[in-house]
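Colleague: Next one to model:
(chains A and B)
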Amino acid sequence: MGCIKLLSLTKKQKIIVYTLLIGSTILFLFPYFWMITSAFKSEAELYAYPPKWIPSKWHINNFIESWTSQPFNQFFINSAIVVIFTTIGQVISCSLIAYGFSRFHFKGRDILFMILLATMMIPWDVTMIPLYMEFNVLGWINTLKPLIVPAWFGSAFYIFLLRQFLLTIPVELEEAARIDGANSFQIYYKIFLPLMKPSLILIAVFNMLTVWNDYLGPLIFLNDQSKYTLTLGLAQFKGVYDVDMSAVMAITTLICIPPLIVFFIAQKHIIEGIGNTGLKG
Amino acid sequence: MKSDAAALTNKPKPVNKSFFKKEKLGKLTPYLFILPWIIGFLAFTLGPLVFSLIISFFDWPIIGDFKFVGLQNYKTMFTEDPLFWHSFGVTVKFASILVPLNITIALSLALLLNQKVKGQSFFKTVFYLPGVISGVALAMIWSWVFNSEYGILNYFLSLIGIRGPDWLGDPKWSLGAMIIASLWGQGSMMLIFLAGLKNIPTEMYEAAEIDGANSIKKFFRITLPLLTPTILFNLIMSIIGAFQQLTLALVLTGGGPMKSTYFYAMYVYNNAFKYFHMGYASANAWFMFIIILFLTALVFKSSSMWVYYESEVKKSK
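Modeller: Next comes the predicted model:
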């Protein structure tokens, strides 16, 4: 109870805190508001002065026209393929790897884990150039493989998060199972996988957001429009001759919807999960 | 099947057997579990890393013959390529303005949210939200907000009698515009700060209050010192992030106007994927790698002077 008394504010302080919070909220939300209303506006209202805050007529057609003016259906399918297959890959591989790193003592474990953590610091362009050449030799350029395959070998950050969680589980749990004759894989599959579920949802969500939003990967590895993902399609769309801003805002709005839905579903997990990353770092 | 066998036979024997088996297999099992990472590390990280270092000593076009040139690539970039220094300067300028602002804003928001306020989770969501959408979407939104003629930002400025600049078209303002857009997406840093603040034991504040400390004193004597490990983490992450910023520049300005937002990452990107000078671009990338390692080491090294490690403070879990 002491903490509540401590953190409660005087009336004057309260007014200041709420004013700042609400002011920041407006600043943070305004760009979304502007994006959405712009997407619905007619051309005349889009460029009106003084600006029209709420469109007098909501042109839903803007969305349909802009979406069909480019093969956005195809881009959507490509994005969905990459998101789905990388997420499955990350969940399977990261859970196995994190289990290996956290539930066994073996030679070189700590060094290997240090290396794993260190890989998070490598700037993307150092590895991206040789990776491009590697995938080029394999004939993977202009396919979705370079975006999907590496996910099946785990990602350092997700492994780190899962391991943090697994370290909190007492050893007795698997010792009992071992005495019953279960092997390590059964213990992983029957005991730890169910336990890891909340953490796995978290990394699945992180991965979905990262992959859906990724721009540089698709930009480097894909050439043909038929292979484009949505972010690439949107970036290119703006450059197309004779596209007005309401069409660009319409596509931008649509692209923001899936991450926002995923975020709102998993909100609690995400907000806690991110907060925890800094604590052990 | 194995557990069936264990159940059927008498007790001590199978235990011994499985124990023996565990000993033998036990040595290899953990390696089997981490094998995917080992393969991935060799194929997608270490291999490329080594290869990248090697080709940085070569003239290596994507098609055609490669040629060993020794240190020529490094010599060229340091002495003959003005764009190298220019883009490096742009990135340093961007990072040195963005990083402190980022930390200040994220910390301020976290401090506000750490008060006893209603609707905490609503505010948390609002401040984090821009971090959820893609860099491309973010760039699109801001390119419209920053539009010089029809942009809403300049309209607001005109209301208070300021003639807004051509944000993205004026080399004096373009980097500033990029910084504003980046600051909008700082959400995860705020959440990390907030978690750090929540971790500070309230007894400390209580003790300070009994001693008669006011809130400013409490902030500088308790909050800030105990938060320094979190600040260190965020500082390093945001330096690394700022030095690698590329998406925003590619989509928002394309590096212009007059190369005022031509980030180092863009310079490397263009050398590699536009001109296909793979060897030269690798040398560029390694320079960035070394700079980032150097900065991180510097921050870490300096941390003993300003980071407070809670060895004596009990960690509340």
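
Colleague: can you give me the helices for the stretch 101-250 of chain A?
Modeller: A:109-119, A:124-138, A:145-148, A:156-166, A:172-179, A:184-186, A:193-213, A:216-221, A:230-239, A:245-280 (DSSP state H, counting those that start in this stretch).

Colleague: Show me what counts as buried in the fifth one.
Modeller: Going by neighbour count (16 or more other C-beta atoms under 10 Å in any protein chain shown), the buried part of helix A:172-179 is A:174, A:177, A:178. Where you see a C-beta, it was placed from the backbone N, CA and C, and this is true even at glycine.

Colleague: now swap in the last one and tell me
Modeller: Applying a neighbour-count criterion of 16+ other C-beta under 10 Å, the buried positions in helix A:245-280 are A:245-256, A:258-259, A:262-263, A:266-267, A:269-271, A:273-279.

Colleague: same question, the second one
Modeller: Residues of helix A:124-138 classed as buried: A:124, A:125, A:126, A:127, A:128, A:129, A:130, A:131, A:132, A:133, A:134, A:135 (neighbour count, 16+ other C-beta under 10 Å).

Colleague: The last one contacts residue A:145, doesn't it?
Modeller: Meaning residue A:135. Yes - the criterion here is C-beta atoms under 8 Å, and residue A:135 meets it with residue A:145 at 7.3 Å.

Colleague: circling back: could I get the helices of the stretch 101-250 of chain A as JSON lines with distance to residue B:86 and mean pLDDT?
Modeller: As requested, the helices of the stretch 101-250 of chain A are arranged in JSON lines below (distance: least, C-beta to C-beta, whole Å; pLDDT from 0 to 100):
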{"stretch": "helix A:109-119", "distance to residue B:86": "30", "mean pLDDT": "93"}
{"stretch": "helix A:124-138", "distance to residue B:86": "17", "mean pLDDT": "92"}
{"stretch": "helix A:145-148", "distance to residue B:86": "31", "mean pLDDT": "96"}
{"stretch": "helix A:156-166", "distance to residue B:86": "33", "mean pLDDT": "91"}
{"stretch": "helix A:172-179", "distance to residue B:86": "57", "mean pLDDT": "85"}
{"stretch": "helix A:184-186", "distance to residue B:86": "55", "mean pLDDT": "88"}
{"stretch": "helix A:193-213", "distance to residue B:86": "29", "mean pLDDT": "92"}
{"stretch": "helix A:216-221", "distance to residue B:86": "22", "mean pLDDT": "94"}
{"stretch": "helix A:230-239", "distance to residue B:86": "24", "mean pLDDT": "91"}
{"stretch": "helix A:245-280", "distance to residue B:86": "30", "mean pLDDT": "84"}
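
Colleague: pLDDT at the residue of the stretch 101-250 of chain A found nearest chain B, what is it?
Modeller: Here the stretch 101-250 of chain A gets closest to chain B at one residue, residue A:153, 2.4 Å apart by C-beta to the nearest C-beta. With respect to pLDDT, residue A:153 scores 96.

Colleague: Kindly report the domain assignment for the chain.
Modeller: No chain was given, so I picked chain A. A:8-59, A:66-280 (automatic domain parsing).

Colleague: please go with chain B instead
Modeller: In the recorded assignment (automatic domain parsing), chain B comprises B:2-55, B:74-306.

Colleague: Residue B:256: neighbour count?
Modeller: 15 (other C-beta atoms under 10 Å in any protein chain shown).

Colleague: Residue B:139 too?
Modeller: 24.

Colleague: Distance check, the nearest residue to residue B:231 once chain neighbours are set aside against residue B:291.
Modeller: Nearest in space to residue B:231, with sequence neighbours left out and distances taken as C-beta to C-beta, 6 or more residues apart in numbering or on different chains, is residue B:103 at 6.8 Å. Here residue B:103 is placed at a distance of 20 Å from residue B:291 (C-beta to C-beta, to the nearest Å).

Colleague: go on, residue A:176?
Modeller: From residue A:176 to residue B:291 the distance is 51 Å (C-beta to C-beta).

Colleague: For residue A:204, give me its contacts.
Modeller: A:87, A:90, A:91 (C-beta atoms under 8 Å, 6 or more residues apart in numbering or on different chains).

Colleague: now do 6 Å
Modeller: Contacts of residue A:204 were listed using C-beta atoms under 6 Å, 6 or more residues apart in numbering or on different chains, and they are A:87, A:91.

Colleague: Tell me the pLDDT of the residue in the stretch 151-300 of chain B positioned nearest to chain A.
Modeller: Going by C-beta to the nearest C-beta, chain A is nearest to residue B:195 of the stretch 151-300 of chain B, at 3.0 Å. pLDDT for residue B:195: 87.

Colleague: swap in residue B:153?
Modeller: 91.

Colleague: so the residue nearest to residue B:231 sits in a helix?
Modeller: Yes - according to DSSP: H, G, I helix; E, B strand; the rest coil, residue B:103 belongs to a helix.

Colleague: Name the stretch among the domains of chain A that sits most buried.
Modeller: Neighbour counts (mean count of other C-beta atoms under 10 Å in any protein chain shown) averaged over each of these peak at domain A:66-280, with a mean of 19.

Colleague: Distance from the chain centre to that one, please.
Modeller: 7 Å (C-alpha atoms, centre = their mean, to the nearest Å).

Colleague: From residue A:115, how far out is residue B:38?
Modeller: 10 Å.

Colleague: swap in residue B:186?
Modeller: 30 Å.

Colleague: Next: residue B:40.
Modeller: 12 Å.

Colleague: again with residue A:243
Modeller: Counting by C-beta to C-beta - residue A:243 and residue A:115 are separated by 47 Å.

Colleague: now the stretch 151-300 of chain B, which segments are flagged as low pLDDT?
Modeller: Within the stretch 151-300 of chain B, no range satisfies pLDDT under 70.

Colleague: how about the residues of it that lie near chain A?
Modeller: For the stretch 151-300 of chain B, the residues in contact with chain A (C-beta under 6 Å from any C-beta of the partner chain) are B:152, B:155, B:188, B:191-192, B:195, B:202, B:205-206, B:230, B:233, B:244, B:247, B:251, B:268, B:272-273, B:278, B:281-282, B:285, B:288-289, B:292.

Colleague: Check which helix or strand the residue of chain B found nearest chain A maps to.
Modeller: For chain B, the residue closest to chain A is residue B:40, as judged by C-beta to the nearest C-beta, at 2.4 Å. Remark: residue B:40 resides in helix B:29-41, with elements defined by DSSP states H and E.
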